[in-house]
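Trainee: Predicted structure and sequence below. I'll ask about it afterward.
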Amino acid sequence: MKKVWMAVAALAMSASTAMAADPVLGIWKTQVDDGNYAHIKMVQCGSKICGSILRAFNSSGEFATENKGKNLVWDMVPQGGGSYKSGKIWQPSTDKVYRSKMSLSGNTLKVSGCVGPICKKQTWTRVQ
């Protein structure tokens, strides 16, 4: 009987962990930038969110790039309600790192960032 209760407890804990997963986690398609776009895998990095380049595409389809596996997003702090701030986003086409924030609404992720007075934004879509 003790084994049954331990199994029930383990199942309950794993279910609550799955329900607590941040909704931004998963794979996102960026907007086209300089003719290319990417699939970004967003994961939990401690208490923050980070994302790395999973796949890269251009008008001909998927292509090999030295950027695959590199962090594109890091240090995003979840604020609740689909809001994230205090992060950094790297733009491979310019090799610039932007102070950034994100806003999640369903399968749409609005990403914005600034370097000094220059700000940019994109809308990413969840890859199903």
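Mentor: In hand now; what should we look at?

Trainee: Show me which residues of the host helix or strand of Val73 are buried.
Mentor: According to DSSP states H and E, Val73 maps onto strand 71-80. Using 16 or more other C-beta atoms under 10 Å as the test for burial, strand 71-80 gives 71-76, 78. For the C-beta atoms, the positions are set from N, CA and C on the backbone; glycine is no exception.

Trainee: ok, Ile118 to Trp28 distance?
Mentor: Using C-beta to C-beta, to the nearest Å, Ile118 is found at 23 Å from Trp28.

Trainee: of these two, who's got more company?
Mentor: Set Ile118 next to Trp28 and count neighbours by other C-beta atoms under 10 Å: Trp28 wins out with 25 against 9.

Trainee: just the helices in this structure please.
Mentor: 2-19 (DSSP state H).

Trainee: mind listing the strands for it?
Mentor: 26-29, 37-45, 48-58, 61-62, 71-80, 83-91, 96-105, 108-115, 118-126 (DSSP state E).

Trainee: Now mean pLDDT too, for these, in TSV please.
Mentor: What follows is the strands of the chain, written out as TSV (pLDDT from 0 to 100):
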stretch	mean pLDDT
strand 26-29	98
strand 37-45	98
strand 48-58	98
strand 61-62	98
strand 71-80	97
strand 83-91	97
strand 96-105	97
strand 108-115	97
strand 118-126	96
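
Trainee: Please dump the buried residues of strand 71-80 into a markdown table; it should also carry distance to Ser105 for every row.
Mentor: Output for the buried residues of strand 71-80, formatted as a markdown table (distance: C-beta to C-beta, whole Å):
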| residue | distance to Ser105 |
| --- | --- |
| Asn71 | 24 |
| Leu72 | 20 |
| Val73 | 17 |
| Trp74 | 22 |
| Asp75 | 22 |
| Met76 | 16 |
| Pro78 | 15 |
